[in-house]
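Q: next one to model:
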Amino acid sequence: MIVKAEWPGYVIDVLVRMGQEVEEDEPLVLLEGTDAGRSTFYIHAAEGGKVKEIFVEEGDFAHEDDDLLVIAEVEE
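A: Numbering: from 1, shown residues only. Presented below is the predicted three-dimensional model:
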């Protein structure tokens, strides 16, 4: 599953690392919006799994619908 940016913003923090297992609704990335108030918002995991790839790092700008990371099913 590819996790995408829901709104444009600057990457403030990537809260996960490669290989980390995450649960559904777990926060993955913290973004700062481009609105006047520079609101911060989290991108959450839509489902659980293992972080397979991360495409962004702190300081990057993510446009709406940009790929942020990939979560794969956990192999048992």
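Q: Glu75 versus the one residue sitting closest to the centre of the chain, what's the distance?
A: The centroid of the chain falls nearest to Val29 when counting by Cα atoms, centre = their mean (3.8 Å). Note on Val29: its distance to Glu75, by Cβ to Cβ, to the nearest Å, is 24 Å. (C-beta placed from N, C-alpha, C; glycine too.)
Q: for Ala45, same thing?
A: 17 Å.
Q: mind listing the strands for the chain?
A: Taking DSSP state E as the test, the strands found in the chain are 2-4, 9-14, 21-22, 27-33, 40-44, 49-54, 61-62, 67-72.
Q: only the buried residues of the first one, if you could.
A: In this case it means strand 2-4. Judged by neighbour count using 16 or more other Cβ atoms under 10 Å, the buried positions of strand 2-4 are Val3.
Q: got the contact list for it?
A: Contacts of strand 2-4 with the rest of the structure, by Cβ atoms under 8 Å, 6 or more residues apart in numbering, involve Leu28, Val29, Ile43, Ala45, Ala46, Asp65, Asp66, Asp67, Leu68, Leu69, Val70, Ile71.
Q: which of these lies closest to Met18?
A: Taking Cβ to Cβ as the measure, Leu69 is the one of the contacts of strand 2-4 closest to Met18, at 9.1 Å.
Q: ok, the closest one touching Val56?
A: Yes: using Cβ atoms under 8 Å, Leu69 and Val56 qualify as a contacting pair, with a distance of 7.4 Å.
Q: common neighbours of the two, please.
A: Here Leu69 and Val56 have Val14, Val29 as joint contacts, going by Cβ under 8 Å, 6+ apart.
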